[in-house]
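Colleague: what follows is a predicted structure for the sequence shown.
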Amino acid sequence: MNLEARKYQFIQELVKVEDESVLEKLELVLKANQNDWFDDLSKSEQDEIQLGIEQADKGELTSHEDVMKRFSKWH
């Protein structure tokens, strides 16, 4: 059986599930197998993003309007 047929068969079985705990377990399995784009970044890219989040949490932001004023000569 090919992958597409297996998926279709799985969907058919999933529709029949009445036990919510089974659905919760399936959700956990699916979530555990999803790749997070952040994990695919280099360590330095992750560090830069984390730094940006920390700065934003501290209110160290520049408004969109100010950025657009600064770079308007190139736009």
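Modeller: Ah, there it is.
Colleague: look up how far Gln46 lies from the spatially most central residue of the chain.
Modeller: Geometric centre of the chain, nearest residue: Asp36, 5.4 Å, by CA atoms, centre = their mean. Plainly put, Asp36 is 11 Å away from Gln46 if you go by CB to CB, to the nearest Å. Quick note: C-beta positions are derived from backbone N, CA and C, even for glycine.
Colleague: quick one: Glu60 from Ile53, how far?
Modeller: Distance of Glu60 to Ile53, computed by CB to CB: 11 Å.
Colleague: show me where pLDDT drops low in the protein?
Modeller: The chain contains residues with pLDDT under 70 at 75.
Colleague: so which residues of it form helices?
Modeller: Per DSSP state H, the chain carries helices over the ranges 3-16, 20-32, 43-57, 64-70.
Colleague: need the ones you listed in JSON lines (columns: mean neighbour count).
Modeller: Formatted as JSON lines, the helices of the chain follow (neighbours: other CB atoms under 10 Å):
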{"stretch": "helix 3-16", "mean neighbour count": "9"}
{"stretch": "helix 20-32", "mean neighbour count": "10"}
{"stretch": "helix 43-57", "mean neighbour count": "11"}
{"stretch": "helix 64-70", "mean neighbour count": "9"}
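Colleague: hmm, Met1 and Gln9 touching each other?
Modeller: Yes: if you go by CB atoms under 8 Å, Gln9 and Met1 touch, sitting 7.5 Å apart.
Colleague: which residue, other than its chain neighbours, is closest to Val17?
Modeller: Leu23 (5.9 Å; CB to CB, 6 or more residues apart in numbering).
Colleague: distance of Glu18 relative to Ala56?
Modeller: In terms of CB to CB, Glu18 sits 44 Å off from Ala56.
Colleague: return the distance of Asp19 relative to Lys25.
Modeller: Plainly put, Asp19 is 9 Å away from Lys25 if you go by CB to CB.
Colleague: ditto for Phe10
Modeller: 14 Å.
Colleague: and for Gln55?
Modeller: From Gln55 over to Lys25 (counting by CB to CB), the distance is 39 Å.
Colleague: next: Arg6.
Modeller: Taken as CB to CB, the span from Arg6 to Lys25 is 19 Å.
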